[in-house]
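Whatever this is, show me its structure:
(2 chains)
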Amino acid sequence: MEKQNDAENRTLTLKRTFNVPVKLVWEAWTRPEHIAQWWGPKGMKTKIVEHNFKVGGKWKYVMAMPDGSEFIGEGVYSMIVTLEKIFSSANFRPMTEGVEIQAIFEKNGDKTNFTFNVIHPTDEYCRQQEKMGFYNGWGSTFNRLEEFVSTL
Amino acid sequence: METRRDVFQAIADPTRRQIISLIAHKSMNLNAIAEHFEVTRPAISNHIKILYECGIISIAQTGRERFCRIQPKNLREVADWVETFRELWEQKLDSFEEYLNALHSKRKKNGKAKRRRKSHIDTKKNL
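You can find the predicted model right below:
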């Protein structure tokens, strides 16, 4: 098997082209009143606890499950270039911690090319998390989330 | 009821994850595996069955012994665990795109109405 670049191995990349101008994509991605509408799966309420949209600013979104448990997403913005890109550290509890997320916006006429990277921590860090019972957390979380979503 | 049979179902249970790591480096027979756990042998046997059905292990009969061996190819999906988050993010982006499209058509409608009103006023002004 080919040995891939380490960072590449740790990066999950999603690409989309939205049929919407970049200005609106940016607005929907960055404004809390919009984020609350799309962040969670359908039927799940997202509370925007914190949204300090500037470099060094914190964000924290909480999704509440019907059984009272919560999914928490939070992080700190490390780079913001208006209409171009947003980099942020992120923890998604109880699923994955210590990732960096990158949202990259590119004007394509009236459309927008959108790239989303989730850069996971090094293998070593992952193994440590595994030892700490990290997998226990996300395994059951996934199942619960999936169960919940399938009932909608 | 457990009907799902894929790699993620295989690792959804902590005992099964332990079994996987136990036999990751050498194949073991059922008794040897069961010795590592406090749950009953039938319980372990059931986990082994699920792992087998998920394609995570193969079982080879040697005389009266059944040896369980990891199927690394299928387990790669987990080893490539970064990928396990893809579905979750795809769903989030689906949700974003759907919202975005709705917002866009709403704005377009409002924009047209506004422009119509504005041109109406402009026409009036020009009179």
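
Close to chain A: what parts of chain B are there?
Neighbours of chain A within chain B, by CB under 8 Å from any CB of the partner chain: B:8, B:11-14, B:17, B:81-86, B:88-93, B:95-101, B:103-104, B:107. In short, each C-beta sits where N, CA and C put it, glycine included.

Nearest spatial neighbour of the closest residue to chain A within chain B, chain-adjacent residues omitted?
Relative to chain A, the nearest point of chain B is B:Y99 (3.9 Å; CB to the nearest CB). Counting by CB to CB, 6 or more residues apart in numbering or on different chains, A:W38 is the residue found nearest to B:Y99 once chain neighbours are left out, at 3.9 Å.

Would you mind confirming that that neighbour is in contact with B:E98?
Yes: counting by CB atoms under 8 Å, A:W38 touches B:E98, with 7.4 Å between them.

In terms of neighbours, single out the busier of those two.
Using other CB atoms under 10 Å in any protein chain shown as the criterion, A:W38 and B:E98 rank with A:W38 on top: 22 against 13.

Distance of the residue lying closest to A:R93 once chain neighbours are set aside relative to chain B?
Nearest non-adjacent residue to A:R93, counting by CB to CB, 6+ apart: A:I72, 4.6 Å away. Distance of A:I72 to chain B, given as CB to the nearest CB, to the nearest Å: 14 Å.

so who does A:I72 touch?
A:60-63, A:91-93 (CB atoms under 8 Å, 6 or more residues apart in numbering or on different chains).

any idea which of those is closest to A:K47?
Minimum distance to A:K47 across the contacts of A:I72 is 4.7 Å, recorded for A:V62 (CB to CB).

Doesn't that closest one lie inside a strand?
Yes: checked against DSSP: H, G, I helix; E, B strand; the rest coil, A:V62 lies within a strand.

Please report phi then psi for the closest residue to it other than its chain neighbours.
In this structure, A:V62 finds its nearest non-sequential neighbour in A:K47, 4.7 Å apart by CB to CB, 6+ apart. A:K47 adopts backbone torsions of phi -100, psi 130, taken as degrees, to the nearest 10.

Over to B:E65?
Torsion angles at B:E65 (phi, psi; degrees, to the nearest 10) stand at phi -100, psi 140.

ok, so what distance separates it from B:I33?
Plainly put, B:E65 is 12 Å away from B:I33 if you go by CB to CB, to the nearest Å.

who's more crowded, the two?
Set B:E65 next to B:I33 and count neighbours by other CB under 10 Å: B:I33 wins out with 21 against 12.

okay but that one is in contact with B:I44, surely?
Yes: using CB under 8 Å, B:I33 is in contact with B:I44, at 6.1 Å.
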